[in-house]
Structure formats: C-alpha cells, structure tokens
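Asker: Just a sequence and a predicted model for now, questions to come.
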Amino acid sequence: MTGASDDHPATTVPADLGLAPDDAHNRRLVASVHPADWRNPEPAPRYNLVVVGGGTAGLVSAAGAAGLGAKVALVERRLLGGDCLNVGCVPSKTLLRAAAAAAAARPSGRLGVRAGGEPEVDFAAVMERVRAVRADIAPHDSAERFARHYGVDVFLGDGRFVARDAVEVGGARLRFARAVIATGARAAVPPIPGLVEAGYLTNETVFNLTRLPARLAVIGGGPIGCELAQAFARLGARVTIVEQADRLLPRDDPEAAAVLRAALERDGVEVRLGAKVERVGSRAAGRELELSSAAGRTALAVEAILVAVGRVANVDGLGLEAAGVRFGRGGVEVDDGFRTANRRVFAAGDVASRYQFTHAADAAARAVIQNALLPFAGRRRASRLTIPWCTFTDPEVAGVGLTAAEAAERGVEVDAFTVPMAEVDRAIADGETDGFVQIRVRRGGDAIVGASIVGRHAGELISEVTLAMTAGVGLGRLASVVHPYPTRAEAIRKAGDAYNRTRLTPRAATLLRRFFALTR
C-alpha cells in the first residue's frame with residue numbers, strides 16, 4: 001500500500017475530482033486525500049467496522065474504532081476530508097477571513113481612524129491562499145495518515161453494499177460485523193428552467209474561481225448563501241440574494257435574521273425576499289434571472305449565479321437496497337441510536353441528520369462507535385445530543401436548542417431573557433453594538449431550552465450556553481459565573497441576572513424593605 005506525499009505531489013489534478021485550477025496547491029491536496037498512486041490493500045477476511053464515506057463522520061468513526069483496536073476499513077470514492085476540508089468549512093472560513101480584512105481596511109471615521117482609500121483586493125491571491133490553506137490542512141485527513149498512523153485499510157473507489165454484511169469496492173469484497181454509512185450530502189439544485197444551460201456555482205465549485213464576478217446572484221438566503229454573499233460583496237462584487245421566504249435564515253429567530261439583513265445591506269448586498277426565480281437565460285455578458293414576487297416580475301442581470309438552497313443526502317449508487325437499509329428524501333433512516341433497518345449498519349453525519357454541520361457529524365460518529373462496537377458501555381441517543389449552530393457572517397448568528405417558534409409549536413411555554421449588545425461594555429467599546437443574547441427558559445423555572453446569540457464571536461459564546469444545557473445548569477446559576485471584564489460573554493451573565501430579578505416577588509420585596517428598615 002503506497003500513497004503520494006506532500007514531498008511528491010501529483011503531477012496533475014484529475015478532472016473528475018472537480019478541483020480547479022491545476023496548480024501546486026491543488027496537487028498537494030490531491031496527493032493527500034486522493035493520491036494517484038494509491039493501491040488499495042488486500043481485504044481482511046472480516047472487519048469489525050467498514051466505513052463508507054471519508055468525510056468528518058467517516059474519518060472520526062474510522063479513527064475512533066481503530067484506536068480501540070478494531071479492524072477497520074474506510075471507503076471513499078472522491079476526496080478524503082469530505083465537504084469540510086474540500087468545499088466547506090476550511091475554504092469558506094479562509095475566504096471569510098480575507099473578506100473581513102477587506103472590510104476592516106475600508107475608510108471609516110467611526111473609530112477615529114481614517115484610511116487612505118478603498119483597499120486593493122487581489123482576488124486571485126485571495127483564492128490562492130484559500131487553496132494553500134486547504135492543502136496545508138489536508139495531511140490530517142490523508143490516506144497515508146489513516147493507513148500508517150491508525151492502521152485503517154483505506155480503499156479509494158466506488159463502494160456499494162452487495163449484501164447485508166458486505167461492501168464491494170474496486171472488485172474487492174469487504175465483509176463486516178458492523179458498518180457505518182457516512183457519505184454526506186451535496187448541494188441541492190432547484191429545477192429552474194434554463195439554470196443548467198446558463199451555468200451556475202455551488203459551494204462545491206465556487207472555490208475554483210480565480211476571477212471575481214462583477215455581479216453575483218445568490219439563490220438562497222440560508223447560512224451558506226449569506227456567508228458567501230457577504231464575503232463576495234466585501235471583496236468587491238455587486239451581490240444580490242434572492243430568497244423565496246419572507247426573511248433570511250428561515251431556521252433562526254426572526255430578530256436574528258433582521259439584524260443580519262441590515263448588516264448585509266450595509267456591506268452592499270441587495271436582499272430580495274419573497275422572490276422566486278422563474279427562469280434563467282444566457283446573455284452575452286452573463287446571465288439574466290427572471291424573478292417573480294408580490295410586486296410583479298423583474299429581471300436581474302448578473303455575471304454569475306451561486307445556488308445555495310440546501311443540501312441533498314448522498315444515497316445514490318450505494319446499493320442500500322441490498323443491505324436492507326431504508327432511505328428517503330431526507331437521507332438514510334435511523335433510529336435514536338443511529339442504527340438503520342439493518343441492525344449491522346449505522347449511519348452518521350449529513351446523510352442521516354437534519355443537523356448538517358461538521359461538529360454534529362463528529363458527535364454522531366462518536367456515538368456510533370460506542371453503539372456499534374461497545375454496546376456494553378451503554379447506548380448513546382441522538383435525542384440527547386445538544387447541537388449548537390452558527391452562521392459565520394459579520395455579525396455571527398448562533399443558536400442552540402429550541403427557537404421561540406419551535407418552542408411554541410411543541411407547546412413549550414418559555415420566558416425569554418434578552419440582553420442587547422448595546423448594553424454590553426465591550427461591544428460598546430468596540431463600536432459593534434448590533435445583536436443580542438437571548439436565553440429561553442422553561443416557564444416556572446430556569447431550565448434552559450434554547451438560546452440565540454447575534455454579534456461578534458457569537459459562535460464562541462454559544463458554547464457556554466451549550467455546556468449549561470448539557471450539564472443541566474440553569475440560567476440562574478450562570479449569573480454566578482465570573483467572566484473577564486470587559487468581554488462580550490458578560491451578556492450571558494446579564495441574562496442570568498435578569499432571570500434572578502424575576503425571583504424577587506412583590507411580597508419578597510416588601511419583606512426585604514421592612515427588614516432593611518428595621519436594621520438601619
């Protein structure tokens with residue numbers, strides 16, 4: 001078994017891997033996560049665990065099981081590292097960092113510091129750094145590392161189930177005691193007439209760009225759409241978001257979406273809500289979108305189109321029927337212990353979860369390792385996982401638990417305690433007072449059922465609330481946590497203070513006044 005290394009990168013980037021341009025950075029990436037000279041090993045007679053899919057859920061499952069001493073095979077048809085490394089978290093956050101630098105360099109007198117003029121954005125250099133960072137991180141997910149360090153049998157090629165206890169890849173049959181389906185998801189493409197013919201980008205192809213589109217239409221106002229729309233606008237493109245719903249981030253609280261919309265518009269993003277793309281046509285200088293809304297029909301001329309309307313689970317071509325695994329539009333069907341209809345087969349990550357986040361895939365994979373291989377250690381349940389989320393715009397929008405709307409739908413009565421960032425000293429000092437912290441508790445007590453945080457570093461702040469929910473720590477106790485001053489995390493303490501003030505009933509207040517009057 002051999003694999004190309006960083007010292008001997010691939011000479012070309014295979015076209016079928018969907019990577020462009022064919023440069024040194026992408027060759028380094030491929031040398032790690034899909035080396036051209038990789039030879040699949042001879043299969044073991046039987047594996048404790050066969051993992052189909054080499055994204056976050058698959059890699060965590062394989063590494064964790066092998067670390068316990070299990071005999072493990074890992075099968076990946078394209079690029080190890082999955083979406084997170086190749087077309088998701090790593091490249092997008094690298095791009096966002098460049099966009100934030102461009103925004104910070106623009107003239108602004110509000111802090112008393114005046115720059116000389118508009119910053120010069122070298123988009124080609126920005127995207128080259130995106131590719132370089134991705135290639136730098138790739139060795140962590142490399143075929144060679146998993147084979148040599150973890151002792152995993154790595155098979156590159158199309159894997160499919162051929163029986164309830166066997167997978168085939170490259171003509172080799174891998175028999176297993178347990179298997180994990182971790183094939184992830186891909187960008188959904190809406191059936192808009194003319195879209196395919198006109199051409200479009202998704203998160204899987206947008207990082208191939210080397211030239212900034214002058215005008216960009218983003219179809220979809222969810223997390224991916226909002227993040228990339230803001231990034232491209234800050235880098236100099238004229239961007240329009242087209243969203244059918246009446247607000248951005250439909251799964252977050254409306255108040256959070258409103259703050260983000262205002263921020264995007266300050267960055268020059270045009271936001272069209274309640275608008276549907278009826279058709280797309282090609283023009284000499286680009287594309288034209290025909291939009292319909294309550295106000296009528298309009299045309300939008302752009303150079304490029306980015307589709308960001310959600311994701312579709314990768315279940316095609318896996319032979320799931322042969323394995324006795326049920327699946328549908330939402331992906332592979334699993335029970336609360338991540339087990340499929342075939343008791344030997346589990347599923348984790350985007351292919352089987354409504355939480356399509358890297359950290360959710362990681363958590364699910366850790367649970368699967370225990371449920372599949374260590375049943376004597378107890379059964380871990382999906383319903384007991386507390387999964388936060390964050391949209392990494394500026395300001396960030398983070399959440400955990402039930403939104404206010406979800407609580408109402410489930411009949412959960414809640415009290416919400418909201419602290420505007422305009423009341424947090426650090427946010428005031430930074431001149432970044434947009435946003436808020438809102439923590440929702442079950443009415444009649446301080447058990448936290450959900451939270452929303454909007455502001456700088458919201459993705460970091462939400463972890464304190466997530467920990468409190470996981471450990472059963474109520475909002476009242478968060479008021480006693482000492483935070484460094486001045487930090488934005490003080491907003492969480494302030495929310496705890498607000499809850500504690502509600503415990504001072506009128507009768508208790510009267511008794512205290514009498515007590516203090518007597519002890520003066």
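Answerer: Sure, I can see it.

Asker: Give me the pLDDT value at the residue positioned nearest the centre of the chain.
Answerer: Geometric centre of the chain, nearest residue: F357, 3.9 Å, by Cα atoms, centre = their mean. On pLDDT, F357 comes in at 94.

Asker: The one 4 residues further on too?
Answerer: As predicted, A361 sits at a pLDDT of 97.

Asker: Work out for me the element it sits within.
Answerer: helix 358-373 (DSSP states H and E).

Asker: can I get the CA coordinates of that helix in PDB?
Answerer: C-alpha atoms of helix 358-373 as PDB (Å, rounded to 0.1, in the frame of the first residue of the first chain):
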ATOM      1  CA  THR A 358     -19.200  19.200  10.900                       C
ATOM      2  CA  HIS A 359     -19.500  19.200  14.700                       C
ATOM      3  CA  ALA A 360     -22.800  17.400  14.500                       C
ATOM      4  CA  ALA A 361     -21.200  14.700  12.300                       C
ATOM      5  CA  ASP A 362     -18.300  14.400  14.700                       C
ATOM      6  CA  ALA A 363     -20.700  14.000  17.700                       C
ATOM      7  CA  ALA A 364     -22.800  11.400  15.800                       C
ATOM      8  CA  ALA A 365     -19.700   9.400  14.800                       C
ATOM      9  CA  ARG A 366     -18.500   9.200  18.400                       C
ATOM     10  CA  ALA A 367     -21.900   7.900  19.400                       C
ATOM     11  CA  VAL A 368     -21.900   5.400  16.600                       C
ATOM     12  CA  ILE A 369     -18.500   4.000  17.700                       C
ATOM     13  CA  GLN A 370     -20.000   3.200  21.200                       C
ATOM     14  CA  ASN A 371     -23.300   1.900  19.900                       C
ATOM     15  CA  ALA A 372     -21.900  -0.300  17.200                       C
ATOM     16  CA  LEU A 373     -18.800  -1.700  18.900                       C
END
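
Asker: that's a strand at A398, yeah?
Answerer: Yes - assessed by DSSP: H, G, I helix; E, B strand; the rest coil, A398 belongs to a strand.

Asker: how far away is it from G159?
Answerer: As judged by Cβ to Cβ, to the nearest Å, A398 and G159 stand 36 Å apart. (C-beta placed from N, C-alpha, C; glycine too.)

Asker: one step back: mind listing what the residue lying closest to the residue nearest to the centre of the chain once chain neighbours are set aside touches?
Answerer: Excluding the flanking residues, the one nearest F357 by Cβ to Cβ, 6 or more residues apart in numbering is W389, at 5.9 Å. By Cβ atoms under 8 Å, 6 or more residues apart in numbering, the contact set of W389 is 223, 355, 357, 398-400.

Asker: G58 too?
Answerer: 51-52, 74, 76, 82, 180, 182-183, 348-349, 365.

Asker: average model confidence for the longest strand seen in the chain?
Answerer: Counting residues, the longest strand found in the chain (DSSP state E) is strand 172-181. Strand 172-181 shows an average pLDDT of 98 in the prediction.

Asker: Could I get the buried residue list for the helix or strand following it?
Answerer: Per DSSP H and E, the first helix or strand lying C-terminal to strand 172-181 is strand 185-187. For strand 185-187, a neighbour-count test (16 or more other Cβ atoms under 10 Å) marks 185-187 as buried.

Asker: coming back round to it: I'd like to know which elements the helix holding A361 is packed against.
Answerer: strand 47-52, helix 56-67, strand 172-181, strand 345-347 (3 or more Cβ pairs under 8 Å, 6 or more residues apart in numbering; DSSP states H and E).

Asker: Show me where the stretch 101-250 of the chain dips below the pLDDT cut-off.
Answerer: For the stretch 101-250 of the chain, applying pLDDT under 70 flags the ranges 116.

Asker: Quick check: the nearest residue to T487 once chain neighbours are set aside vs L475, distance?
Answerer: Leaving aside its sequence neighbours, T487 sits nearest to R426 (Cβ to Cβ, 6+ apart; 5.4 Å). Relative to L475, R426 is positioned 21 Å away (criterion: Cβ to Cβ).

Asker: and these two? which has more neighbours close in?
Answerer: Ranked by neighbour count (other Cβ atoms under 10 Å), R426 and L475 place L475 first, with 25 against 18.
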